[in-house]
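Undergrad: need coordinates for the following:
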Amino acid sequence: RTEIAEYRANRSVVPRCAVPCPARPGADTTAIMPAVSKGDGMRGLAVFISDIRNCKSKEAEIKRINKELANIRSKFKGDKALDGYSKKKYVCKLLFIFLLGHDIDFGHMEAVNLLSSNKYTEKQIGYLFISVLVNSNSELIRLINNAIKNDLASRNPTFMCLALHCIANVGSREMGEAFAADIPRILVAGDSMDSVKQSAALCLLRLYKASPDLVPMGEWTARVVHLLNDQHMGVVTAAVSLITCLCKKNPDDFKTCISLAVSRLSRIVSSASTDLQDYTYYFVPAPWLSVKLLRLLQCYPPPEDAAVKGRLVECLETVLNKAQEPPKSKKVQHSNAKNAILFETISLIIHYDSEPNLLVRACNQLGQFLQHRETNLRYLALESMCTLASSEFSHEAVKTHIDTVINALKTERDVSVRQRAADLLYAMCDRSNAKQIVSEMLRYLETADYAIREEIVLKVAILAEKYAVDYSWYVDTILNLIRIAGDYVSEEVWYRVLQIVTNRDDVQGYAAKTVFEALQAPACHENMVKVGGYILGEFGNLIAGDPRSSPPVQFSLLHSKFHLCSVATRALLLSTYIKFINLFPETKATIQGVLRAGSQLRNADVELQQRAVEYLTLSSVASTDVLATVLEEMPPFPERESSILAKLKRKKGPGAASALDDGRRDPSSNDINGGVEPTPSTVSTPSPSADLLGLRAAPPPAAPPASAGAGNLLVDVFDGPAAQPSLGPTPEEAFLRFVCKNNGVLFENQLLQIGVKSEFRQNLGRMYLFYGNKTSVQFQNFSPTVVHPGDLQTHILSGLGHPAPRQLSSPRGSPQTQVDGGAQVQQVLNIECLRDFLTPPLLSLPVTINKFFQPTEMAAQDFFQRWKQLSLPQQEAQKIFKANHPMDAEVTKAKLLGFGSALLDNVDPNPENFVGAGIIQTKALQVGCLLRLEPNAQAQMYRLTLRTSKEPVSRHLCELLAQQF
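TA: Alright, predicted model coming up:
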């Protein structure tokens, strides 16, 4: 029993039920569980389970269960009172039926009655039933709470443990409010049994994780720290789990635990396997407790007391020494327990980062695991060495394993291990080994898994830039990167190389020559064409003296790629052509002929058509001086954080930022990270990180103090905490209403009303916003702004008086900055969907992906054929949910039509179901969408299934539509 208790404590999880378990020989179990006599066995339950297992079919099983349910129901409703044994038996049967997957709608009161029994087995079954079947919102919670209070006050350790287990398993807020103040008192009471303390600590941990605000911090916090000195190891283990969780929010209240944790850890580490016999796991003394103590110490900086610090360092050295000893057992459990302590020790050494000797020893120990036959150990070693590589004390020691890591990158079968190897190469890279690491990563990129290619591309680009000794090597590396993995080279990467080439005169000629040679390849990736178009347009004159790269040759080479490229790349090439007219007047006639061609002047794409007309007119009308002024060379870009590094941080997640921002920054490295993503001065290629509406620019000067009246009113609207209450629905509720409609009031309070009227066709839309001043006072400096989240790929025309960024068309209408009392102003937004997006623009404008639905009619045969084609798991999103509104077929039909899809009749065999189809129109691609809505009026539930060709679109549309019903 004590071994089971330790295991549960180490898992930091309260068991789902207090089921009797066989005790370890010699362990004291009298305080935990009373003896169970042979007469307590439930023969009826055993027979019922045997009958269920012998059923030949599902129908036979259901028939047997229904028969038993009818029998139990008649027993519970009968006139004859049932004894405790019968109640327990029938409640057990109900519990077993529930665990088989069948609903149970009676028997709860009988289970609650079992809680008042004085027999352990009856009370145990009652608590077990409640823990599994009773909902936290049940009306019986009050009765259950009373029974729990009686058991906690009984001072019977067995009953107290059962009650504590039930509190933790249910874990509702109501239970937390009822018992959060009592459990700490039980935990630190001097007369509480060890098993009760153990259960109380874990129960308190469960309540704290569920509702931290319910657990009061008081004088008990100081006393709970001293449980680390308790003689019972199970109590210590449970206490460590609790303290580790509490100290993360209140570190100062538990600071005294450091010395006690070090003392306890020292005793465990220095003990022999026979000293803690009851808690020795395969010759490793108390492994779970050791891991938890090491994890607790990672919540604090190194101890300030020299004696405590010295004792801790001695413990860590002992663990490292034991790792070198031959194993005492060949069983995997022994090595797992031993390695768990070792890796947690290394994590603590890395966390402190103050002991050079320990850091180097840890690195050497991890180096031995790099070639271990166990895949998990190799993975953990690579992961830990990534962190060690950022320490100035251990960086050189990590670099000694570069050949082993490169070999792992090439030969590992597991993709996750290869990814960790790539992470380690990135972390250990510096000026001395940059070329070797970059070349190996480029070589690996040719055969790398698709899932990690983009990440490796970003890392190669960052390392090549950060440690470039000469920029010709940097240019060669990036162009090679585009050649090898063009589809995975994001815009940030090729923007960055253009910025660096533009900012450095010494590399411009070499870049022009190299990109010209790269463009001569028969199969040339479109990103290479973009880079070539920009660089030759700006610096092609630097290689024009060579007959092999004369101006006509440059133009012919670029124009040969023109018809194979996307619209955005063609737009960039047209800008390159007009630059050529300025750089090379001899190409003017040829280029004008291209611009004058009907395929350009009458191009179906309005952007290409407009550029061709404007560039042709500019080259024909403007003088040489004017042309030179308009088309002069791009100025250097301002320096700021590299957009590539920022993208890698986003890809790795917030927890990886510190690892990417290497503290070993080489002061002599060419760290020119940062800068605006460049495009030629006349190119309007959209950039995902462009500054929308100038919002990243310096803030406007502070407004002068406003006079009373209007000024104070505006403060209340936008800044003041005492803003007027909203008259209508909340912004979230109002936004959801617009998923299936286009017109209405988006926001309203006592001062301001915002109305919306919108229309959408294919991937284009127009939205009218009406701002109404509901007061009698004039609004001054009224300037609504539309803010894009980073991943929204839409064009929004916002007439706000700001200069339009590259993505936007020219402003159409700007609302005036003053709004008179009772007046209304209008703002027009033109919207273009470039590709699928999940987050709407702020103000929470009602622009969702379904607005770009094109309804599609199709026959039943075509529907089912397309449905089967979209059968991959990631292409389907399904949600089963309760109806939040009355289930009216006509209302449902109207909402589905408003959502944008076409409703298909006579497709689904069940006429009650709704089937729809449509295509989401974006500029980049079209996303086909099929949906099926199955209402269940009897259960008041829906099942919604959506299938599209893109996983994020399926999930997002499913969430959007489910909220409408």
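
Undergrad: pull out the buried positions in the helix or strand Leu463 falls within.
TA: In the assignment (DSSP states H and E), Leu463 maps to helix 450-466. Within helix 450-466, the residues scored as buried using 16 or more other Cβ atoms under 10 Å are 452-466. For glycine as for every other residue, the C-beta is placed from the backbone atoms N, C-alpha and C.

Undergrad: was I right to think Ser270 contacts Thr318?
TA: Yes. Applying Cβ atoms under 8 Å, one finds Ser270 in contact with Thr318, separated by 6.6 Å.

Undergrad: ok, those two, which is more surrounded?
TA: Neighbours were counted for Ser270 and for Thr318 using other Cβ atoms under 10 Å; Thr318 has more, 15 against 12.

Undergrad: which one is that one nearest to, not counting chain neighbours?
TA: Nearest residue to Thr318, sequence neighbours excluded (Cβ to Cβ, 6 or more residues apart in numbering): Val269, at 5.0 Å.

Undergrad: quick check: the gap between the one you found and Pro287.
TA: Here Val269 is placed at a distance of 11 Å from Pro287 (Cβ to Cβ, to the nearest Å).

Undergrad: again with Met858
TA: From Met858 over to Pro287 (counting by Cβ to Cβ), the distance is 61 Å.

Undergrad: these two - which one has more neighbours?
TA: Per other Cβ under 10 Å, whichever of Met858 and Pro287 has more neighbours is Pro287, with 23 against 16.

Undergrad: give me the neighbour count for the residue nearest to Thr318.
TA: Count around Val269 with other Cβ under 10 Å applied: 21.

Undergrad: residues touching it, list them.
TA: Contacts for Val269 were tallied using Cβ atoms under 8 Å, 6 or more residues apart in numbering; they are 285, 290, 315, 318-319.

Undergrad: if I look at it, how far off is Leu557?
TA: Using Cβ to Cβ, Val269 is found at 70 Å from Leu557.

Undergrad: likewise Pro216?
TA: Computed as Cβ to Cβ, the Pro216 to Leu557 distance reads 76 Å.

Undergrad: what's the answer for Leu897, then?
TA: Counting by Cβ to Cβ, the separation of Leu897 from Leu557 is 52 Å.

Undergrad: these two - which one has more neighbours?
TA: Ranked by neighbour count (other Cβ under 10 Å), Leu897 and Leu557 place Leu557 first, with 17 against 14.

Undergrad: the more buried one is in contact with Phe516, isn't it?
TA: Yes. Leu557 lies in contact with Phe516 (Cβ under 8 Å); the separation is 7.1 Å.

Undergrad: show me the shaky parts of this protein.
TA: For the chain, applying pLDDT under 70 flags the ranges 1-41, 79, 273-275, 639-737, 785-817, 837-845.

Undergrad: got the domain ranges for it?
TA: The chain breaks down by the TED database into domains covering 429-645, 849-963.

Undergrad: in a markdown table, list those domains along with distance to Lys209.
TA: What follows is the domains of the chain, written out as a markdown table (distance: least, Cβ to Cβ, whole Å):
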| stretch | distance to Lys209 |
| --- | --- |
| domain 429-645 | 33 |
| domain 849-963 | 27 |
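
Undergrad: point out the most buried one among those domains.
TA: Of all the domains of the chain, domain 429-645 has the most neighbours on average by mean count of other Cβ atoms under 10 Å, namely a mean of 18.

Undergrad: distance from that one to the middle of the chain?
TA: 34 Å (Cα atoms, centre = their mean, to the nearest Å).

Undergrad: thinking again about what came up before, now the helix holding Leu463 - C-alpha only, CSV.
TA: Provided in CSV are the C-alpha atoms of helix 450-466 (Å, rounded to 0.1, in the frame of the first residue of the first chain):
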residue,chain,number,x,y,z
TYR,A,450,8.9,18.2,-45.0
ALA,A,451,7.7,18.9,-41.5
ILE,A,452,11.0,20.6,-40.5
ARG,A,453,12.2,22.0,-43.8
GLU,A,454,10.9,25.5,-43.2
GLU,A,455,12.5,25.7,-39.7
ILE,A,456,15.9,24.5,-41.1
VAL,A,457,15.7,27.1,-43.8
LEU,A,458,15.1,29.9,-41.2
LYS,A,459,18.0,28.6,-39.1
VAL,A,460,20.4,28.4,-42.1
ALA,A,461,19.4,32.0,-43.1
ILE,A,462,20.0,33.3,-39.6
LEU,A,463,23.4,31.6,-39.1
ALA,A,464,24.6,32.6,-42.6
GLU,A,465,23.8,36.2,-41.8
LYS,A,466,25.0,36.3,-38.2
